[in-house]
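Trainee: can't give you the sequence, but here's the structure:
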């Protein structure tokens, strides 16, 4: 019986020493609320090494042949416009032309010109490392519009740089 009492006292003694050690350790360690965490963000200006500029050519007419002929002329005019501005020909790409019957109420472009039967759209992409040439062309877009080229484009705001 005395042996079991000695074991119980020994267990309490070990547990007591453990609790005392944990208490002393927590008292000696610095508290977390005494410190300030500081996060810093840095920025660096990095010059773009290229630009991507999407442009959509739009044509409409009652005659399908005239729509397609005008679409080809506008495509050639746009291509030459950028080449004259200093953009390399390989930096100019065109998607296939899309023709819809606008009078049938195609919801995508029906509101563009309800008086014409056919509507042709074609996407062009200018992806170039010659950013200055593309900027030069952008400033002269009104000249292209004066030639009768109808286009829809987004004037780049920096998010098209890469």
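Mentor: Nice, thanks for sending it over. Since we're looking at a predicted model, the values are computed, not measured.

Trainee: who are the packing partners of the helix or strand containing residue 25?
Mentor: If you go by DSSP states H and E, residue 25 is part of helix 2-28. Of the remaining helices and strands, none touches helix 2-28 by 3 or more Cβ pairs under 8 Å, 6 or more residues apart in numbering; DSSP states H and E. Every C-beta, even on glycine, is put in place using the N, C-alpha and C of the backbone.

Trainee: please, where are all the strands along the chain?
Mentor: 51-61, 92-94, 98-101, 118-128, 151-153 (DSSP state E).

Trainee: with distance to residue 19 and mean pLDDT added, can I get those strands in a markdown table?
Mentor: As requested, the strands of the chain are exported to a markdown table (distance: least, Cβ to Cβ, whole Å; pLDDT from 0 to 100):
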| stretch | distance to residue 19 | mean pLDDT |
| --- | --- | --- |
| strand 51-61 | 67 | 89 |
| strand 92-94 | 75 | 93 |
| strand 98-101 | 79 | 86 |
| strand 118-128 | 70 | 90 |
| strand 151-153 | 74 | 81 |
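
Trainee: mean neighbour count and distance to residue 144 added to those strands, as TSV?
Mentor: Converted to TSV, the strands of the chain look like this (neighbours: other Cβ atoms under 10 Å; distance: least, Cβ to Cβ, whole Å):
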stretch	mean neighbour count	distance to residue 144
strand 51-61	20	10
strand 92-94	15	13
strand 98-101	16	21
strand 118-128	20	12
strand 151-153	14	7
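
Trainee: could those strands be laid out in a markdown table, adding distance to residue 70?
Mentor: Listed next are these as a markdown table, based on distance: least, Cβ to Cβ, whole Å:
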| stretch | distance to residue 70 |
| --- | --- |
| strand 51-61 | 5 |
| strand 92-94 | 15 |
| strand 98-101 | 12 |
| strand 118-128 | 8 |
| strand 151-153 | 13 |
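
Trainee: those strands: which one's closest to residue 43?
Mentor: strand 51-61 (21.1 Å; Cβ to Cβ).

Trainee: now that closest one against strand 118-128, angle please.
Mentor: Relative orientation of strand 51-61 and strand 118-128, computed by axes from the mean of the first three to the mean of the last three Cα atoms, to 10 degrees: 160 degrees.

Trainee: for strand 51-61, name the packing helices and strands.
Mentor: Where contact means 3+ Cβ pairs under 8 Å, 6+ apart, strand 51-61 is packed against helix 64-85, strand 118-128, helix 131-139, strand 151-153.
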